[in-house]
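Student: predicted structure and sequence below. I'll ask about it afterward.
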Amino acid sequence: MDYAGSIKVMVKMLFHPDVDPAVIADAEQRMLRNSPATAYALFMGMCGYDVAAPVRRLDVPLRSINGDIYPTDVESVRKVKPDFYAVIMKHMGHYPMLERPDEFNRHVAAVI
C-alpha cells in the first residue's frame, strides 16, 4: 500500500485546481502525521455511521461553514435539524480555514 501516494491523491480532490500549492502541501503534511492504521480506523468508523441520530439529539443550533467544491445539501440536513444554517464560501475547498483563514474567521465570528 502506498499511503503517502494515496494521501497526495486524496488531498488534491479536496481543493480547487488553482489553490496555492503551499496550502495543498500543508494539508498533505497534516494528514501524513496520522499513521495508516489511524486513517484506516477513521474511514472504517464512518462506514454505516448514522449521522442523523446524534444530530437529532442536539439542543443547540447547527451551523456550518463549507466550501463549494462539494455541494452542501442544506435541505436534506434541515429534514433532520430544521434550524440548520450553512455559509457556503465560493470557490473554496474542504479546508476554508487553511485557504482563506481571515474570511473563514469572519464567518465564524458572524455565526457564533
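Tutor: Sure, I can see it. Only a predicted model underlies this, so the values are computations on that prediction, with no experimental measurement involved.
Student: host element of the residue sitting nearest the centre point of the chain?
Tutor: The centroid of the chain falls nearest to residue 94 when counting by C-alpha atoms, centre = their mean (4.5 Å). Taking DSSP states H and E as the criterion, no element holds residue 94; it sits outside all helices and strands.
Student: for burial, what's the neighbour tally of the nearest residue in space to it that is not next to it in sequence?
Tutor: Counting by C-beta to C-beta, 6 or more residues apart in numbering, the nearest residue to residue 94 once its immediate chain neighbours are dropped is residue 14, at 3.8 Å. Bear in mind the C-beta positions are built from the backbone N, C-alpha and C, glycine included. Neighbouring residues of residue 14 were enumerated by other C-beta atoms under 10 Å; the total is 18.
Student: just residue 50 next, same as before
Tutor: Using other C-beta under 10 Å, residue 50 is surrounded by 8 other residues.
Student: and what of residue 84?
Tutor: 19.
Student: so what's it up against?
Tutor: Under the criterion of C-beta atoms under 8 Å, 6 or more residues apart in numbering, the neighbours of residue 84 are 61, 62, 63, 64, 74, 77, 78.
Student: spatially nearest residue to residue 81 (excluding sequence neighbours)?
Tutor: Counting by C-beta to C-beta, 6+ apart, residue 62 is the residue found nearest to residue 81 once chain neighbours are left out, at 4.6 Å.
Student: pLDDT score assigned to that neighbour?
Tutor: According to the model's per-residue confidence, residue 62 sits at a pLDDT of 96.
Student: same deal with the one 10 residues further on?
Tutor: In this prediction, residue 72 carries a pLDDT score of 96.
Student: assign residue 11 to helix, strand or coil.
Tutor: Here residue 11 is recorded as helix under DSSP: H, G, I helix; E, B strand; the rest coil.
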